[in-house]
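Visitor: this one's structure only:
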Ligand SMILES: C[S@@+](CC[C@H](N)C(=O)[O-])C[C@H]1O[C@@H](n2cnc3c(N)ncnc32)[C@H](O)[C@@H]1O
């Protein structure tokens, strides 16, 4: 992402109820061992901070150096710079989680690549938890328009649906600097996600509606998946 857009993203997203999001993830993780947790796609560290407030100490990973700079200012977590499709570590993780639609940033092919890669750095009894936009999101956001401002920061957003993608055109302004930014998110279908999980040496344990862990249905705007490593026999 770009510098202005990153600052705008961080400022406006910090108004969101991260404590609620983190509690939902914590419930989905249940009583599993959480000694080694990695947030893949940690952005500016807002979710890491919310997890810290709940007593967990995740490390972070992101491909965007600017975002990692913001994350380092916010938390003392160890952060890795890398791409979730290719990142490797000596360390094996109990829990890898990808909150707030990180996997929507990937194509269908990259989705499988990312899950396959993350499965490699998961402990044998480890889990991967992620949330993604559901199909309803594409309907709600098609033709959407938003304009927000806080002091010297403002953005204007227009979005439209293009096939399986949502395209956001964002005009952002921060401390007098202006920048246009285009963001594309792929809305994966549930079947595509299940396919990617099967092909990634993972097993789907649960699928919920975020953020109340209710039963997912076609009205759900956001779905949360929990998967674990396929056991070797
Ligand atoms: C919507 S933000 C979510 C940030 C953070 N998880 C949060 O909850 O605030 C998505 C983040 O995923 C990162 N990301 C997207 N694709 C990635 C990839 N292939 N590898 C690593 N990070 C990626 C982006 O750079 C961005 O910081």
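Guide: Noted; the coordinates are in hand. Since we're looking at a predicted model, the values are computed, not measured.

Visitor: can you report how many residues lie near residue 22?
Guide: Residue neighbour count, defined by other CB atoms under 10 Å, stands at 22 for residue 22. C-beta: built from backbone N, CA, C; applies to glycine.

Visitor: an error on my part: the question was meant for residue 168.
Guide: Neighbourhood size, residue 168 [other CB under 10 Å]: 17.

Visitor: hmm, who's touching the longest strand seen in the chain?
Guide: Taking DSSP state E as the criterion, the chain has its longest strand at strand 122-133. Strand 122-133 has contacts (CB atoms under 8 Å, 6 or more residues apart in numbering) with 25, 28-29, 32-33, 36, 92-104, 115, 118-119, 166, 185, 187-188, 193, 202, 205, 210, 221-229, 231.

Visitor: which of these are buried?
Guide: 25, 28-29, 36, 93-104, 115, 118-119, 166, 185, 187-188, 193, 202, 210, 222-229 (16 or more other CB atoms under 10 Å).

Visitor: near the ligand, from those residues?
Guide: Filtering those for proximity to the ligand (criterion: CB under 6 Å from any ligand atom) leaves 99, 100, 101, 102.

Visitor: for those, give me CSV that also has distance to residue 110, secondary structure and pLDDT.
Guide: Converted to CSV, those look like this (distance: CB to CB, whole Å; DSSP: H, G, I helix; E, B strand; the rest coil; pLDDT from 0 to 100):
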residue, distance to residue 110, secondary structure, pLDDT
99, 18, coil, 98
100, 17, coil, 98
101, 14, coil, 97
102, 11, helix, 98
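
Visitor: which one of these is nearest to residue 85?
Guide: residue 102 (11.6 Å; CB to CB).

Visitor: next helix or strand past the helix or strand encompassing residue 194?
Guide: Element membership of residue 194 [criterion: DSSP states H and E] is helix 190-198. Sequence order places strand 202-209 as the next helix or strand after helix 190-198, per DSSP H and E.
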